[in-house]
Structures are given as structure tokens and as C-alpha cells.
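[1] I need the structure of the sequence given here:
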Amino acid sequence: MIICPNCHHQELPGVLFCSECGAQLSNVESLTTQSIRRTPSELLDSMEQSLPPLDLSAPEPIPETGSIKISLLFVESGKIVDLTGRSEFTLGRATEGQPILPDVDLAPYDAYSQGVSRFHASLKIVSQRISIVDLGSSNGTRVNGQKIVPNVDYPLSHGDILALGKFKIQVLIHY
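    Okay, the predicted model is just below:
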């Protein structure tokens, strides 16, 4: 077990961030990854802090006027990725020699050092509603700052902020 130096919470070996306080648990300076120039968005960070608590009741109905489309805004890099053509997308990071890859590979965005698992979470579109499921990730998933339980569907709304470990993504829903 690893003991968090900040809050003294016990974590499993290999975890990069404390699931209770978010403190970094291992030294990742020895990684040989390439840095990508980022432009952090202070506006999105302040929006996340001012969001209301996660409402786990059924989300507002989505208009039936057309097909639903999802875009993901990677907060630190400002990159937007459109998700189309499927009803389920896995989020994670690919590594060399990995036989099965996630649908959305976050490895180019420094995902390893931010605690993203190889298969971290899944976004699902069912009956014109969008939900997220944590796939048993090492460092957990948060929706608007609230940690979600692994393997349970949680509804998402336009503008929700996801944190896969420390990697932040804003969900943009288009009707």
C-alpha cells in the first residue's frame, strides 16, 4: 500500500494520485515523454469550481429533432475532438504493444503523467441521453468535481467537466 503524504489515505501500488485529496503519489519526472505546449484555460477551471453538485437524477430530455453529437474539449490544450459514428466510445491512453486500443487516445496529451488509465472510462449514447462509466481506472473519474463509482452509468449534460485522474475534459453536446 502507498500512504498519501498529504492526507495519509492508503492507495494501491501504482496509483499516481491520491483518490481522496488528489496529491501526486509518485515522482513522474523520470518519464521520457514529450511535452506539448499547452494554454490552460482559467475560465474553465473557475467554471468547474462554481458548478452545482452533481445531480444523479435523470437528466433533462434531449430534443428529438436530430441525431446527438458529442465533442470533447481537452481543457489544458484547447483541442476539440468530435465523436461520431458510434453509440459508445472508450477513453484512455495507448501504449506500445497494447493489443486493444481506446477509441479516444489521450496519450499524446500527457495523459500518463496525469493519471489516465489505458481504459479509463466509456461514454455512451442511449435513447438520446449521454452517460459516462468509469471502467475501474486506477485514479478514478470525477464529474464536475464529484468522484463517480466504477462500472455505474452517470448522466452527462452539456458543459460538464470530466476529470480522468487529473486530465480535464469538457463535454460539449450538439443536437
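[2] Quick check: buried residues in stretch 143-154?
    The neighbour-count criterion (16 or more other CB atoms under 10 Å) identifies 143, 144, 148, 154 as the buried residues of stretch 143-154. To be clear about C-beta, it is placed using only N, CA and C from the backbone, and glycine gets the same treatment.
[3] now stretch 5-22
    Buried positions in stretch 5-22, judged by neighbour count with 16+ other CB under 10 Å: 11, 15, 16, 17, 18, 19, 22.
[4] I'd like the distance from that stretch to the chain centre, please.
    18 Å (CA atoms, centre = their mean, to the nearest Å).
[5] So for it, mean pLDDT?
    Average pLDDT, stretch 5-22: 80.
[6] just to revisit the earlier point, return the subset of the buried residues of stretch 5-22 lying in strands.
    Using DSSP state E, the subset of these located in strands is residue 11.
[7] Reformat the buried residues of stretch 5-22 as CSV; add distance to residue 83.
    Below are the buried residues of stretch 5-22 laid out as CSV (distance: CB to CB, whole Å):
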residue, distance to residue 83
11, 31
15, 28
16, 26
17, 26
18, 30
19, 27
22, 27
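[8] Show the residue spans covered by the helices in the protein.
    42-50 (DSSP state H).
[9] Quick check: which ranges of it have low pLDDT?
    26-66 (pLDDT under 70).
[10] Which strand runs longest in it?
    Per DSSP E, the chain has its longest strand at strand 167-174.
[11] quick one: strands adjacent to it?
    strand 69-74 (antiparallel), strand 161-164 (antiparallel) (DSSP bridges).
[12] Go through the buried residues of stretch 143-154 and name the one nearest residue 7.
    residue 148 (19.9 Å; CB to CB).
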